[in-house]
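Q: I'll drop the sequence and a predicted model, then ask my questions.
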Amino acid sequence: MTLLAPLRSGWQGVQASARQQVDAYSLRADDERPLGGYLRTMTVYVGLTGTAALVSRHRGVRLPESVPTTDLALLGVATYRLSRLISKDAITSPLKARWTRVVERCGPGEVAEEPRRSGTAHAVGELLTCPFCLAQWVATGLVFSYLWNPRLTRWGAGALSVVAVSNALQFAHARLDPE
């Protein structure tokens, strides 16, 4: 018996317990949820957010006392548009192709995709195809960008917001004048 035997035994117990948790959590026997993949994805998010916070501190960035309501609205619309751009627009398909497959076209310039692998790759595929899931990541990036360079972030967020308004007007026009 080596010195590592108790560690190996303990690790095997942890793995067995994790497998039991995954099986108990799944909706159906054929619907395995990639809990390990979700955990790894969350770890990346926390790591990136922590790194951005440390960079902010190192650069001497201080949190503002308040954020103007107009900036919050601008960042909110930009988060909506960028999340949708990444997760639904056909033009971003090459960025997602490693983790997703096209299911169908679902709107002007949009595609419905689904994860095409298992484990962590499945979790990443879910993240990349869900604008609601992706919004947290996008919002975090925009908030740090706003802290580091508010002026530049307002310009970028403004462009995304203009596109979101334009899209809404295009859909309204199509509804009112179908020809």
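A: In hand now; what should we look at? Since the model is a prediction, treat every value here as computed from it, not as a measurement.
Q: output the longest helix belonging to the protein.
A: Of all the elements of type helix in the chain, the one with the most residues (DSSP state H) is helix 150-176.
Q: would you mind measuring from the residue nearest to the spatial centre of the chain to Lys96?
A: Residue closest to the mean C-alpha point of the chain, counted by Cα atoms, centre = their mean, is Leu134 at 2.4 Å. Leu134 is 11 Å from Lys96, where distance means Cβ to Cβ, to the nearest Å. All C-beta spots, glycine's among them, are computed from the backbone N, C-alpha and C.
Q: between those two, which contacts overlap?
A: Common contacts of Leu134 and Lys96 (Cβ atoms under 8 Å, 6 or more residues apart in numbering): Ile86, Leu128.
Q: which strand in the protein runs the most residues?
A: Secondary structure of the chain read by DSSP state E shows that its longest strand is strand 100-107.
Q: where's that strand relative to the chain centroid, distance-wise?
A: Per Cα atoms, centre = their mean, to the nearest Å, the displacement of strand 100-107 from the mean C-alpha position of its chain is 18 Å.
Q: check stretch 159-177 too.
A: On Cα atoms, centre = their mean, the centre of stretch 159-177 falls 24 Å from the chain's centre.
Q: what's the burial count for the closest residue to Leu85 other than its chain neighbours?
A: Distances taken as Cβ to Cβ, 6 or more residues apart in numbering put Thr92 closest to Leu85, at 6.3 Å, once the chain neighbours are dropped. Residues near Thr92, counting by other Cβ atoms under 10 Å, number 16.
Q: Thr92 reaches Arg84, doesn't it?
A: No. Assessed by Cβ atoms under 8 Å, Thr92 is found out of contact with Arg84, at 9.9 Å.
Q: still on that earlier bit, which secondary structure element contains the residue nearest to the centre of the chain?
A: Element membership for Leu134 (DSSP states H and E) is helix 131-148.
Q: for the strand or helix carrying Arg57, name the packing helices and strands.
A: Here Arg57 is covered by helix 35-58, with elements defined by DSSP H and E. If you count contacts as 3 or more Cβ pairs under 8 Å, 6 or more residues apart in numbering; DSSP states H and E, helix 35-58 packs onto helix 5-25, helix 119-129, helix 131-148.
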